[in-house]
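Undergrad: What follows is a predicted protein model with its sequence.
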Amino acid sequence: MNKSQERSTDSAISTPNKADDDLHNVSDTFYTSQRKGSHVFRVRLDATGFTLQRESPSGVTIKEQKVKICDIIGARCMRMKKSPRNLTGCACVNPGTPAAGSSRKSGTPSKCSMASKEEHMTDMGDGSAYLYLFAYVLKKKSLRSSLHRERTVLTLRFRSFDTFEDNMREADRWYRALRWQLHQTLEPLFAESVGEPRRRRLLVLLNPKSGSGNAREVFNTNVAPVLNEAEVPYDLFVTKHSNYAIEFMSTRRLDDWCTILAVGGDGLFHEIINGLLCRADWAQVMDNIALAIVPCGSGNGLARSIAHGYNEPYFSNPVLGASLTAISGRSSPMDVVRVETENRVMFSFLSIGWGLISDVDIESECIRMFGYQRFTIWTLYRLANLRTYSGKISYLLAEEAQEPLATPLLQSEQLRRMQSSRSCTMHIDKLSNSSYHRSTEFLPQEFEDVISLETSINQSFRSRCDSWLSGGSRRSCYYSISESVYHSVADDSEFTEQSSTAGIKSEQNPHNFGPSSSLPGLDKPLSEDAGWLVEEGKFIMMHAIYQSHLGVDCHFAPKAQLNDGKIFLVLIRGGISRPHLLSFLYNMSTGSHLPEKNNEYIKVLQVRAFRLEPHDDHGIITVDGEQIEFGPLQAEILPGISRVMIPK
Ligand SMILES: Nc1ncnc2c1ncn2[C@@H]1O[C@H](COP(=O)(O)OP(=O)(O)OP(=O)(O)O)[C@@H](O)[C@H]1O
């Protein structure tokens, strides 16, 4: 009888129990060894997550703790627990993922134990295999503080067997079971439909100029580690200039990706939506791709709205929350608004503004260095120098108490039937000629394990076993997914070649795509019989919004939902007193600025379409925070035609 057999028979509790038969629900007994003695844990993985039951020597459960499956993002099998200073050469290879250094196309699946090339870095006397599980658990620092997500690493040490290979096989069994369980939580769109459970690829578009200009750093230090822990392969493209994202989205073959992640501000997201809706195959693309955003801009209204809509903590760590949302495997339909001006058609996901708020948004660009504070500073300045604008606003009321609308598939099916009637004129710059290169590997840092459990008692092995609720590593510990590719710039010829086969707008007829309008042309009159109502006169501002938040700190339309088919049209008329206006602006941060009932000066209208006809010949109009040509425009809601990632 060899040693490992001996151990198995000697100690029944270290032998995998009957659940071993079930590949996806695994359980075993683990031990923690501490100075004061050892503790016995029954550990089980099933569809709900990891359950740890601490048992007394007589087998009675003393304490039960749980890491929910919705909080777990991935796992790693490893040869050694910690290296002296860093794990650069650590033998960390997961089965089923291409071996490190292999290219995306030529990568072949490798086995956990056997593929470990860097054995010189490991402790050869230790045959243990380790499974690290990465979770981001909702926690409160104190009773009074708000919820935040904290990185938690659960370490399971497998050492029942004599050889590393046998122990690794056991770790691998748990790893595969977890991967399978995690895949059950994904919508089909995000999982490969053939072969073993794998995530589909994600496309990252990063604007290095957004916000205070640190999007690259944010991605490298905060987003990439999460993607890598979750084993989500991605391609990263860095925008080179304004309108790059429009060009990319409208001309590229997008079949490889299930999610497009904007690392930037709302302006970048606006470009992505407009590029997608410029395509001939826009309806198909909108069905097959979900959009996500990691907020790096100065407004960040969409990221805040998504987090708010799903009670996901935002302020503690917006980037972490948004990164987890981007890989959640859950999506929701989102309304988009079609905006028609005299010269162009565009699509908007956030807001259309005229007057005070738009003025502040655009004019405060000159003090961009103040970050989000620029809005407050310029608002005070403009209050002191208040302007009014005259014009006419016509609108069609939305149906009352409309439920969130049908599934995106059904809606886009309806939309697909629409004939495109108007132009989608985008001013697209030529992309620069250049090549792309692969990413530099992200160097893993030292793990700080929160919970360590091992499969056999060994008093000499001192492991840490902190409370579930007190643990948390601020360090990012991550591994490069060798499949992920970094493109610093795109190759122009590549775009051209791909666009010819990708169902993409043709040069002969570039303006005939995207969902069409159900409204009369902008030059045609609107009839009262069709339900059009009118507000006319002097206005301080008009702001139309379809998300709950206009910016991080601006809860502008508290009732707005991603997919409610409504535009919230807020009108403030001239003649309003400054204190009244100041109170409105001040309370925007909490969402308590809107009157319960419309009054002489402030009106909130839930509409499905509106037309703005300014009587002045100058002023500022914004769409999604970007200035557009001044003049008449009309807008209509396209319910649920896009899809965005939402928190789990
Ligand atoms: N490489 C680039 N250089 C210069 N401008 C760029 C580049 N890439 C994108 N842009 C432009 O930057 C504009 C603003 O970007 P983005 O929305 O990401 O940041 P922001 O304006 O700071 O954020 P927000 O829109 O939330 O206020 C976009 O409209 C886009 O056209």
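TA: Now that the structure is in, tell me what you want to look at.
Undergrad: what about the stretch 501-648 of the chain, any weak spots by pLDDT?
TA: 501-513 (pLDDT under 70).
Undergrad: At the contact with the ligand, which residues of it appear?
TA: With CB under 6 Å from any ligand atom as the criterion, the stretch 501-648 of the chain meets the ligand at residues 625-626. Using the backbone N, CA and C atoms, a C-beta is placed for each residue, glycine as well.
Undergrad: what about this structure, any weak spots by pLDDT?
TA: 1-22, 33-37, 80-125, 372, 401-513.
Undergrad: neighbouring strands for the strand or helix carrying residue 148, and are they parallel or not?
TA: In this structure, residue 148 sits in strand 147-158 according to DSSP states H and E. Here strand 147-158 has these sheet partners by DSSP bridges: strand 129-140 (antiparallel), strand 451-454 (parallel).
Undergrad: buried sites along that strand?
TA: Going by neighbour count (16 or more other CB atoms under 10 Å), the buried part of strand 147-158 is 148-158.
Undergrad: closest to residue 310 out of the strands paired with strand 147-158?
TA: strand 129-140 (12.2 Å; CB to CB).
Undergrad: Just the buried positions in that closest one, please.
TA: Quick answer for strand 129-140 (16+ other CB under 10 Å): 129-137, 139.
Undergrad: so where do the helices sit in the stretch 251-400 of the chain?
TA: For the stretch 251-400 of the chain, the helices defined by DSSP state H, counting those that start in this stretch cover 266-277, 282-288, 301-309, 318-326, 356-363, 373-384.
Undergrad: Next, the angle from the last one to helix 356-363.
TA: Here helix 373-384 runs at 120 degrees with respect to helix 356-363, directions being taken by axes from the mean of the first three to the mean of the last three CA atoms, to 10 degrees.
Undergrad: Identify each buried residue in helix 373-384, please.
TA: 374-376, 378-379, 382.
Undergrad: out of these, who's nearest residue 620?
TA: The closest of the buried residues of helix 373-384, once distances to residue 620 are taken by CB to CB, is residue 382, at 11.1 Å.
Undergrad: so the closest one makes contact with residue 359?
TA: Yes. At 6.0 Å, residue 382 counts as touching residue 359 under the criterion of CB atoms under 8 Å.
Undergrad: Switch the buried residues of helix 373-384 over to CSV; also include distance to the ligand.
TA: Putting the buried residues of helix 373-384 into CSV (distance: CB to the nearest ligand atom, whole Å) gives the following:
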residue, distance to the ligand
374, 10
375, 10
376, 15
378, 13
379, 15
382, 18
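Undergrad: With distance to residue 223 added, can I get the residues you listed in TSV?
TA: Converted to TSV, the buried residues of helix 373-384 look like this (distance: CB to CB, whole Å):
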residue	distance to residue 223
374	25
375	26
376	28
378	30
379	32
382	35
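Undergrad: Can you get me a residue count around residue 241?
TA: 12 (other CB atoms under 10 Å).
Undergrad: Got the domain ranges for the chain?
TA: According to automatic domain parsing, the chain comprises the domains 3-185+443-477, 186-329+426-442+478-510, 348-407+514-645.
Undergrad: And the ones you listed: which comes nearest residue 337?
TA: domain 348-407+514-645 (4.5 Å).
Undergrad: so how far does that closest one reach from one end to the other?
TA: 17 Å (CA to CA, to the nearest Å).
Undergrad: Up against the ligand, what does this structure have?
TA: Checking the chain against the ligand by CB under 6 Å from any ligand atom, the hits are 207-211, 239-244, 264-268, 271, 297-300, 625-626.
Undergrad: again, only using 8 Å
TA: Proximity of the chain to the ligand, by CB under 8 Å from any ligand atom, involves residues 207-211, 215, 238-245, 262, 264-271, 295-301, 361, 368, 551, 624-626.
Undergrad: So which residues of the stretch 501-648 of the chain form strands?
TA: Along the stretch 501-648 of the chain, counting by DSSP state E, counting those that start in this stretch, strands occupy 533-545, 567-573, 602-614, 621-623, 626-628, 633-645.
Undergrad: Buried deepest among the ones you listed, which one?
TA: Highest mean neighbour count of the strands of the stretch 501-648 of the chain: strand 633-645, a mean of 24 (counted as mean count of other CB atoms under 10 Å).
Undergrad: Give me the angle between that strand and strand 533-545.
TA: Using the same axes, to 10 degrees: strand 633-645 against strand 533-545 is 40 degrees.
Undergrad: Could you list every helix and strand in contact with strand 633-645?
TA: With contacts taken as 3 or more CB pairs under 8 Å, 6 or more residues apart in numbering; DSSP states H and E, strand 633-645 sits against helix 282-288, strand 290-295, helix 301-309, strand 331-341, helix 408-417, strand 602-614.
Undergrad: That strand vs strand 567-573, what angle?
TA: 140 degrees.
Undergrad: what's the offset of strand 633-645 from the middle of its chain?
TA: 19 Å (CA atoms, centre = their mean, to the nearest Å).
Undergrad: again with stretch 348-361
TA: Counting by CA atoms, centre = their mean, stretch 348-361 comes out at 24 Å from the chain centroid.
Undergrad: buried residues in that stretch?
TA: 348-361.
Undergrad: Out of those, flag the one nearest to residue 532.
TA: Out of the buried residues of stretch 348-361, the member with the shortest distance to residue 532 (by CB to CB) is residue 352, at 17.5 Å.
Undergrad: so what's that closest one closest to, chain neighbours aside?
TA: Among residues not flanking residue 352 along the chain, residue 544 sits closest, at 4.5 Å (CB to CB, 6 or more residues apart in numbering).
Undergrad: And residue 558, by the same measure?
TA: residue 591 (3.9 Å).
Undergrad: measure the one you found to residue 572 for me?
TA: 16 Å (CB to CB, to the nearest Å).
Undergrad: In contact with the residue of the stretch 301-450 of the chain found nearest the ligand, which residues?
TA: Residue nearest to the ligand within the stretch 301-450 of the chain (CB to the nearest ligand atom): residue 301, separated by 6.9 Å. By CB atoms under 8 Å, 6 or more residues apart in numbering, the contact list for residue 301 reads 266, 350-351, 547, 549-552, 554, 625.
Undergrad: rewinding a little: can you redo the buried residues of strand 129-140 as TSV with distance to residue 335?
TA: Shown next, in TSV, are the buried residues of strand 129-140 (distance: CB to CB, whole Å):
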residue	distance to residue 335
129	49
130	47
131	43
132	41
133	37
134	34
135	33
136	29
137	32
139	33
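Undergrad: Relative to the ligand, which of those is nearest.
TA: residue 136 (24.4 Å).
Undergrad: Was I right to think that closest one contacts residue 153?
TA: No. Contact criterion CB under 8 Å: residue 136 and residue 153 do not qualify, at 10.4 Å.
Undergrad: Could I get the full set of helices for the stretch 51-200 of the chain?
TA: 164-184.
Undergrad: With adjacent residues omitted, what lies nearest to residue 216?
TA: Closest to residue 216 by CB to CB, 6+ apart is residue 208, at 5.3 Å.
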